[in-house]
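Q: sharing a model prediction with you, sequence too.
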Amino acid sequence: MTESAFTPATRFAVPGRIAVSNRASALWRTATLTEIRRETPAVATFRFAVPGWAGHLPGQHLMLRLTAGDGYTAQRHYSLASPPDDTGHIELTLDHVEGGEVSGWFHSEARPGDEVEVRGPLSGFFAWPGDRPALLIGAGSGVVPLMSMIRHHRAGDLDVPLRLLVSARGPEELVYAAEYGAETTAVFTRRAPDGVPVGRLSPAHVAPLLAERPPGGWEAYVCGSNAFAEHASRLLVEAGQPVDRIRIERFG
Amino acid sequence: MNVTRGFTGRPRVHNPGLPPGQYDAGEDWPVLSAEVTPDLTPADWTFRIDGLVARPRSWDWDEAHALPASPYEGDIHCVTSWSKFGVRFGGVSLDAFLDVVRPDASATHAVAYSHSGYTTNLPLADLTGGRAWIAWEYDGKPLPAEHGGPARLLVPHLYFWKSAKWIAGLRLLDHDEPGFWEQNGYHARGNPWEEQRYSGD
């Protein structure tokens, strides 16, 4: 016997408005490192020229592959930091992970002119094409895909509401500190500038944003360590954000 | 081969258990769900099999636990490149559930769906013959919520996105129907040994 199609309890599903190109993601391309920018003591941005890159949506990621002389390869997923219209170029912002095999190479060895391989862009779930009000919450390097969204918002002069809550241990660890504007509230968990409170992301940070109630409601994007993602997504749910309008990207 | 200047990689010993493109995550067990972790207690949990079966039915926590226990000890592999060796899950073989509902001869595929609304598709042949479980224990303890507890599907011979967390049911079909990540560009089957990561692999 058959029954009508299953309807997920939360309608947690693929955002139908986003088309994902499967063809582009099947190809490995050579990316040439053109520039390295220091963001914080432990974080740097790596800019690449990628001929044939098909473009991406803010929030998408790619797979990156390094190959050793004996044929050994290491591959990792990284979020794209650059906006989609950075023609022929992409940027990744990487933490220097203690003992990290790939991030270690980037932070200790890489220099302009080096070549790596990339495939993507991958996955449409965390993507934001700029068509809905977006409430972004990130911690540490979890802000990377969210920065792609902010840059896209600025480059396109979009008037759809966009807000960012970004958490860092202290001002010196705040990635992209110089680029934030009125859309951003920074939360410092260990050390803060004079006059700024120290403490973790709380209901008091989330409530005023949810109170804004933009037309159509917020699409929430949460990115950070698993512990942070659990904390932030619970705050959102408790503040009334529907679970099917929360997208999470976790790492660590 | 496209050698990366200055890259040597970690010291390595040949590990025949490591599929191509994977690394050993050691003690780590990253959490990669894209949705809010649902608040789901064993008392709330149910598991249903329907679609192309003779007798569709649901099990609650106690009914599922009354089926013969069947542990899994072995390896798991995530599409994001980590593998984890020698993990121990406790639960029940999916065969024990399927024996009750009796799949039709026409059933070739299944869609697994979770209490969060996540879906993933699998050939029925990947769910039978002692290769799939409903798992509720990890390392002798209740499966943590962030890893799919109280119960998840476990299909360890495929990439781990197929092992749906917070499993709610299986619908048996006579055709393949892409699930959540498969609609997002991931491979329809996801065999780590064939490196079937993305559509087109």
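A: Nice, thanks for sending it over. Predicted model only: the values in this text are computed from it and were never measured.

Q: for the residue of the stretch 151-252 of chain A found nearest chain B, phi and psi?
A: With C-beta to the nearest C-beta as the measure, residue A:226 is the residue of the stretch 151-252 of chain A nearest to chain B, at 4.2 Å. In short, each C-beta sits where N, CA and C put it, glycine included. Backbone geometry at residue A:226, expressed as degrees, to the nearest 10, gives phi -60, psi -40.

Q: over to the one 10 residues further on?
A: Per-residue torsions, residue A:236: phi -60, psi -50 (degrees, to the nearest 10).

Q: equivalent analysis for the one 5 residues further on, please.
A: Residue A:241 has phi and psi values of phi -70, psi 130 when expressed as degrees, to the nearest 10.

Q: just to check, it is in contact with residue A:210?
A: Yes - counting by C-beta atoms under 8 Å, residue A:241 sits close enough to residue A:210 to count as a contact (6.3 Å).

Q: let's check: the centremost residue of chain B is which one?
A: residue B:163 (1.4 Å; C-alpha atoms, centre = their mean).

Q: which residues touch it?
A: B:76, B:148, B:152, B:153, B:154, B:155, B:156 (C-beta atoms under 8 Å, 6 or more residues apart in numbering or on different chains).

Q: cool, and residue A:217?
A: Applying C-beta under 8 Å, 6+ apart, the residues contacting residue A:217 are A:133, A:242, A:245.

Q: can I get these in TSV with distance to residue A:149?
A: Below are these laid out as TSV (distance: C-beta to C-beta, whole Å):
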residue	distance to residue A:149
A:133	12
A:242	20
A:245	15
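
Q: need the residues you listed in CSV (columns: secondary structure).
A: CSV is the format used below for the contacts of residue A:217 (DSSP: H, G, I helix; E, B strand; the rest coil):
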residue, secondary structure
A:133, coil
A:242, coil
A:245, helix
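
Q: just the helices in the chain please.
A: No chain was given, so I picked chain A. Taking DSSP state H, the helices of chain A run over residues A:22-25, A:101-108, A:144-155, A:203-211, A:226-238.

Q: oops, I was thinking of chain B
A: Under DSSP H, chain B gives helices at B:61-65, B:94-101, B:180-183.

Q: tell me which of these approaches chain A most closely.
A: helix B:180-183 (4.6 Å).

Q: from the contact counts, what lies against the closest one?
A: strand B:119-123 (3 or more C-beta pairs under 8 Å, 6 or more residues apart in numbering or on different chains; DSSP states H and E).

Q: quick one: buried residues of the strand it packs on?
A: Within strand B:119-123, the residues scored as buried using 16 or more other C-beta atoms under 10 Å in any protein chain shown are B:119, B:120, B:121, B:122.

Q: so what strands line up beside it?
A: strand B:109-114 (antiparallel) (DSSP bridges).

Q: between helix B:94-101 and the strand it pairs with, find me the angle.
A: Between strand B:109-114 and helix B:94-101, the angle comes out at 110 degrees (axes from the mean of the first three to the mean of the last three C-alpha atoms, to 10 degrees).

Q: chain A versus residue B:134, what's the distance?
A: 17 Å (C-beta to the nearest C-beta, to the nearest Å).

Q: ok, residue B:25 next?
A: Residue B:25 is 12 Å from chain A, by C-beta to the nearest C-beta.

Q: nearest residue to that residue in space, please, no chain neighbours.
A: Of all residues not flanking residue B:25 in the chain, residue B:82 sits nearest, at 3.8 Å (C-beta to C-beta, 6 or more residues apart in numbering or on different chains).

Q: isn't that neighbour right up against residue B:30?
A: Yes - if you go by C-beta under 8 Å, residue B:82 and residue B:30 touch, sitting 6.3 Å apart.

Q: of these two, who's got more company?
A: residue B:82 (19 against 16; other C-beta atoms under 10 Å in any protein chain shown).

Q: partner residues bridging that one?
A: residue B:23.

Q: now do the contacts for it.
A: So residue B:82 contacts B:22, B:23, B:24, B:25, B:28, B:30 (C-beta under 8 Å, 6+ apart).

Q: wait, the third one sits on residue B:85?
A: Right, residue B:24. Yes - using C-beta under 8 Å, residue B:24 is in contact with residue B:85, at 6.5 Å.

Q: and the average pLDDT for stretch A:233-248 is what?
A: For stretch A:233-248, mean pLDDT rounds to 95.

Q: list the buried residues for it?
A: In stretch A:233-248, counting by 16+ other C-beta under 10 Å, buried: A:233, A:235, A:236, A:237, A:239, A:241, A:243, A:244, A:245, A:246, A:247, A:248.

Q: format the residues you listed as a markdown table; extra columns: distance to residue B:109.
A: As requested, those are exported to a markdown table (distance: C-beta to C-beta, whole Å):
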| residue | distance to residue B:109 |
| --- | --- |
| A:233 | 32 |
| A:235 | 39 |
| A:236 | 35 |
| A:237 | 33 |
| A:239 | 40 |
| A:241 | 35 |
| A:243 | 28 |
| A:244 | 26 |
| A:245 | 30 |
| A:246 | 30 |
| A:247 | 27 |
| A:248 | 28 |
